[in-house]
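Student: only the shape, not the letters, is given here:
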């Protein structure tokens with residue numbers, strides 16, 4: 001499915017437009033951290049709506065939680081968003097990555113619980129359903145955030161940075177003691193279906209030594225060897241082993257795309273992460289929007305839009321696990 005339809009008028013010669021889903025798609029699973037069963041539906045939404053979650057299990061008050069960087073409330077091991085009434089949604093990063101990676105601008109996501117289903121620990125099931133549903137073009141121009149100068153946040157050895165680039169590029173480096181992961185680095189231009197082909201099937205991971213500590217702190221209660229890659233030293237304990245030899249760093253790139261999608265518009269720039277995580281990427285977005293000289297909002301031409309992750313995605317890009 002190639003989306004290359006754009007609006008033409010005398011004011012703007014080639015303006016790329018926003019998109020939404022052609023139809024509703026639905027998922028069932030468990031929350032990685034809560035362990036509770038959850039059902040999720042992704043619905044078409046009007047132009048300019050953006051991405052928003054609706055906690056349909058709640059019957060009173062404001063149940064809508066916007067998927068934006070300024071709604072993020074720090075929580076270890078996942079990305080949590082919360083509205084002004086205190087209604088929260090956890091672990092939004094994988095579905096946000098899939099929406100960005102499949103070029104969906106506007107969607108309403110209904111949840112009957114506080115956490116997005118973890119599925120098999122990656123974005124493959126989400127991406128497959130989005131591509132199968134297809135997208136509908138909308139009568140509104142697509143805007144993007146163009147990075148004008150480097151901006152960086154640091155926490156000890158951890159670094160996250162955005163710098164100018166023609167399209168979205170992601171570079172990531174990780175370093176773990178366990179030999180099954182070790183030191184890994186990767187850099188990708190995210191255009192032309194790269195996310196779907198190269199990252200969407202890469203699962204979240206953890207060290208066996210950390211599982212008891214996470215459970216004691218109320219995290220990963222829904223984690224299994226089937227929805228996360230568990231490593232112990234040189235050994236991969238999850239059935240079937242790794243899907244890719246550098247699956248761990250690829251998953252960190254997947255997470256980064258999902259967290260960057262909370263900017264509210266696609267980013268034209270290069271993201272660099274070194275030992276970074278959800279909290280640092282959110283700090284980076286906050287620093288970016290606090291620096292008006294570091295970015296500008298642009299209306300995407302068709303040429304600019306082709307450099308974004310979701311344009312040009314097709315079913316053949318899906319990995320075999322989807």
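Tutor: Everything's here; your move. This structure is a prediction, so every number in the text was calculated from the model and none was measured. Numbering: from 1, shown residues only.

Student: nearest residue to the middle of the chain?
Tutor: Centrality entry for the chain: nearest residue to the mean C-alpha point is residue 258, 1.6 Å, by C-alpha atoms, centre = their mean.

Student: who are the contact partners of that residue?
Tutor: With contacts defined as C-beta atoms under 8 Å, 6 or more residues apart in numbering, the neighbours of residue 258 are 79, 92-98, 100, 123. C-beta coordinates here come from the backbone N, C-alpha and C atoms, glycine included.

Student: next, it: secondary structure please.
Tutor: Look at residue 258: counting by DSSP: H, G, I helix; E, B strand; the rest coil, its state is helix.

Student: following element in sequence after the worst-scoring helix or strand of the chain on mean pLDDT, please.
Tutor: Using mean pLDDT, DSSP states H and E, strand 6-7 stands out as the lowest-scoring helix or strand of the chain, at a mean of 33. Using DSSP states H and E, the helix or strand that follows strand 6-7 in sequence is strand 15-21.

Student: need the residues that contact that next one.
Tutor: 3, 5-9, 42-49, 103-107, 130, 133-142, 299-302, 304-305, 310-311.

Student: sitting in helices, which of those residues do you find?
Tutor: Residues of those located in helices (DSSP state H): 130, 133, 302, 304-305.

Student: are any of the contacts of strand 15-21 buried, and which?
Tutor: 3, 6-7, 42-45, 47, 49, 103-107, 130, 133, 135, 137-138, 140-142, 300-302, 304-305, 310-311 (16 or more other C-beta atoms under 10 Å).

Student: related to what we said a few turns ago, and the furthest pair within the ones in helices among the contacts of strand 15-21?
Tutor: 133 and 304 (25.1 Å; C-beta to C-beta).

Student: what sits closest to residue 32 if chain neighbours are left out?
Tutor: Among residues not flanking residue 32 along the chain, residue 118 sits closest, at 3.9 Å (C-beta to C-beta, 6 or more residues apart in numbering).

Student: and that neighbour, how far is that from residue 29?
Tutor: Residue 118 is 6 Å from residue 29, where distance means C-beta to C-beta, to the nearest Å.

Student: who's more crowded, these two?
Tutor: Neighbour totals were compared for residue 118 and residue 29, and residue 118 leads with 27 against 18 (other C-beta atoms under 10 Å).

Student: so who does residue 184 touch?
Tutor: So residue 184 contacts 173-175, 246, 248-249 (C-beta under 8 Å, 6+ apart).

Student: tell me which helix or strand the nearest residue to residue 125 once chain neighbours are set aside sits in.
Tutor: Sequence neighbours aside, residue 119 is the residue nearest to residue 125 in space, at 4.5 Å (criterion: C-beta to C-beta, 6+ apart). Per DSSP H and E, residue 119 falls between elements, in no helix or strand.

Student: pretty sure residue 119 is touching residue 126, no?
Tutor: Yes - if you go by C-beta atoms under 8 Å, residue 119 and residue 126 touch, sitting 7.1 Å apart.

Student: what touches both of these two?
Tutor: What both residue 119 and residue 126 touch, as defined by C-beta under 8 Å, 6+ apart, is the set 27, 94.

Student: the more surrounded of those two?
Tutor: The neighbour comparison of residue 119 against residue 126 (other C-beta under 10 Å) goes to residue 126, with 26 against 20.

Student: coming back round to it: identify, from the ones in helices among the contacts of strand 15-21, the entry nearest to residue 164.
Tutor: residue 304 (13.5 Å).

Student: so what's that closest one up against?
Tutor: Residues in contact with residue 304 (C-beta under 8 Å, 6+ apart) are 16, 144, 167, 268, 298.

Student: OK, contacts around the last one?
Tutor: This points to residue 298. Residue 298 neighbours (C-beta under 8 Å, 6+ apart): 143-146, 268, 304.

Student: tabulate those (a markdown table), appending pLDDT.
Tutor: Below are those laid out as a markdown table (pLDDT from 0 to 100):
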| residue | pLDDT |
| --- | --- |
| 143 | 96 |
| 144 | 97 |
| 145 | 98 |
| 146 | 97 |
| 268 | 97 |
| 304 | 90 |
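
Student: nearest to residue 154 among the residues you listed?
Tutor: residue 145 (21.5 Å).

Student: next up, the contacts around the closest one.
Tutor: Contacts of residue 145 (C-beta under 8 Å, 6+ apart): 263, 265-269, 288, 295-298.

Student: for the ones in helices among the contacts of strand 15-21, which one is nearest residue 233?
Tutor: Looking across these and measuring by C-beta to C-beta, the closest to residue 233 is residue 130, at 37.1 Å.

Student: now the closest one: closest residue in space, sequence neighbours ignored.
Tutor: That would be residue 102: by C-beta to C-beta, 6+ apart, it lies 4.2 Å from residue 130.

Student: from residue 158, how far off is that neighbour?
Tutor: 29 Å.

Student: ok, those two, which is more surrounded?
Tutor: Set side by side, residue 102 and residue 158 show more neighbours around residue 102, with 30 against 14, by other C-beta under 10 Å.

Student: which residues does the more buried one contact?
Tutor: Each residue near residue 102 by C-beta under 8 Å, 6+ apart is listed here: 127, 130-131, 135, 195-196, 310, 313.
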